[in-house]
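> this one's sequence-less:
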């Protein structure tokens, strides 16, 4: 009763704040208005299109840096800046032990072009500009039949001139003893230049972590994609955490929504309340060891569904890390004999290098 009674008070207070801030809802200039104050002042940077930064949020913009296109990402959170910078440096300077595999894998990650000294208390990176859709938008435009046809090439380790993939990307990242930390459809860009051979590119590494302990507290994540163990406020296996989030991303690509999502009935969002409700639900799932999400009915690709179910194993001890995925599962997902032959030759080389 005490909880219920507090909801109207919360709505009233939040509504008052919201109504009182209508004038700051859109800091971008109206036509003919005065341009907004420059958020950062970096020599050589010309802003083409800025995205407003809310309190504690990241400021991003499409820019030209000495006339070359790029994507500017700035934050006041020094820790997030350092995580993304360090991880992207490690990715693009690292080597997996097979030069050809390493060079192919690096193409699956957004490139770090430049880093800058602090400007107006913002820490900024210049990243490769990617003009293709995010996985969420890409998948929403596919029919169920097309999803069954194309999604395997995004979710299977395939390395050829036109088939490169985010499971390999995660294998490479994990080989560097790092995890992404916030895998979701919005953090995967799909290069659909070749409509029958999509290429996945991972972005947003401000939640990435170095895995220097068996169990470690996560620093990032998105409700709906976070695994059940996240909601116990204790250290977790970060590799297996990435596995769950990849499985949830596949579920979302097939259905248009994550496997578990709390839909607030309040007129305005409350992250703390939503997290508490989501946490209670996910802890119940962890205790039971059984998933309760709605079954995927619009896919008939049994191999793709088997991969999703494997990644979404509730019990952490039974959930495979990406490096532990069965080779035959990857082989069965391959769409044609040429790719299968290539996989069978490559797999023996790769597995020998994966811890």
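Now that the structure is in, tell me what you want to look at. Just so it is clear, the model here is predicted, and its values are computed rather than measured.
> now the stretch 251-355 of the chain, which segments are flagged as low pLDDT?
263-269, 334-355 (pLDDT under 70).
> Could you rerun that using 80?
For the stretch 251-355 of the chain, the stretches flagged by pLDDT under 80 are 262-271, 326-355.
> what helix or strand does residue 173 sit in?
Per DSSP states H and E, residue 173 falls inside helix 166-175.
> What mean pLDDT does that helix get?
The pLDDT scores in helix 166-175 average 76.
> Centre of the chain to that helix, how far?
Distance, stretch centre to chain centre, for helix 166-175: 13 Å (C-alpha atoms, centre = their mean, to the nearest Å).
> Show me what the helix or strand just after that helix pairs with in its sheet, parallel or antiparallel.
Where DSSP H and E defines the elements, the next helix or strand beyond helix 166-175 is strand 178-179. Counting by DSSP bridges, the strands paired with strand 178-179 are strand 209-210 (antiparallel).
> relative to helix 166-175, how tilted is whichever helix or strand comes after the partner strand?
Moving toward the C-terminus from strand 209-210, the next helix or strand (DSSP H and E) is helix 238-255. Orientation note: helix 238-255 sits at an angle of 170 degrees relative to helix 166-175 (axes from the mean of the first three to the mean of the last three C-alpha atoms, to 10 degrees).
> other SSEs contacting helix 238-255?
Packing contacts for helix 238-255, counted by 3 or more C-beta pairs under 8 Å, 6 or more residues apart in numbering; DSSP states H and E, involve helix 135-140, helix 144-155, helix 166-175, strand 178-179, helix 302-311. C-betas here are computed from N, CA, C, even on glycine.
> deepest of these, which one?
Greatest average neighbour count among the helices and strands packed on helix 238-255 goes to strand 178-179 (a mean of 27), per mean count of other C-beta atoms under 10 Å.
> and after it, which helix or strand comes next?
Next element after strand 178-179 (DSSP H and E): strand 188-191.
> Now do the helix or strand just after that following strand: distance to the chain's middle.
Per DSSP H and E, the first helix or strand lying C-terminal to strand 188-191 is strand 199-202. Put simply, strand 199-202 sits 11 Å off its chain's centre (C-alpha atoms, centre = their mean).
> List the buried residues of strand 199-202.
Applying a neighbour-count criterion of 16 or more other C-beta atoms under 10 Å, one finds 199, 200, 201, 202 buried in strand 199-202.
> In terms of residue numbering, what are the domains of the protein?
Following automatic domain parsing, the chain resolves into domains at 31-97+110-129, 131-355.
> Tally up the residues packed near residue 284, please.
When neighbours are counted by other C-beta atoms under 10 Å, residue 284 registers 13.
> I should have written residue 117 there, sorry.
By the criterion of other C-beta under 10 Å, residue 117 has 7 neighbours.
> follow-up on the earlier one: residue 189 is nearest to which of the helices and strands packed on helix 238-255?
With C-beta to C-beta as the criterion, residue 189 lies closest to helix 135-140 of these, at 7.5 Å.
> Can you name the residues in contact with that closest one?
132, 147, 151, 154, 185-186, 188-190, 192, 198, 200, 249, 252-254, 256 (C-beta atoms under 8 Å, 6 or more residues apart in numbering).
> again, 10 Å this time
132-134, 146-147, 150-151, 154, 166, 184-192, 198, 200-201, 249-250, 252-257 (C-beta atoms under 10 Å, 6 or more residues apart in numbering).
> before we move on, what about stretch 60-69?
Contacts of stretch 60-69 (C-beta under 10 Å, 6+ apart): 39-40, 42-53, 70-75, 113-114, 116, 124, 126-129, 131.
> A strand includes residue 74, no?
Yes. Counting by DSSP: H, G, I helix; E, B strand; the rest coil, residue 74 is located in a strand.
> Report the contact partners of it.
39-40, 42, 53, 58-61, 81, 116, 118-126.
> Check residue 317 too.
237, 240.
> Offset the numbering so it begins at 18, please.
Taking 18 as the first residue, the last one we looked at is residue 334.
> From residue 148, how far out is it?
Using C-beta to C-beta, to the nearest Å, residue 334 is found at 42 Å from residue 148.
> So for residue 159, what's the nearest residue that isn't a sequence neighbour?
In this structure, residue 159 finds its nearest non-sequential neighbour in residue 167, 6.6 Å apart by C-beta to C-beta, 6 or more residues apart in numbering.
> Next up, the contacts around the one you found.
Per C-beta under 10 Å, 6+ apart, neighbours of residue 167: 155, 156, 159, 207, 209, 212, 213, 214, 215, 270, 352.
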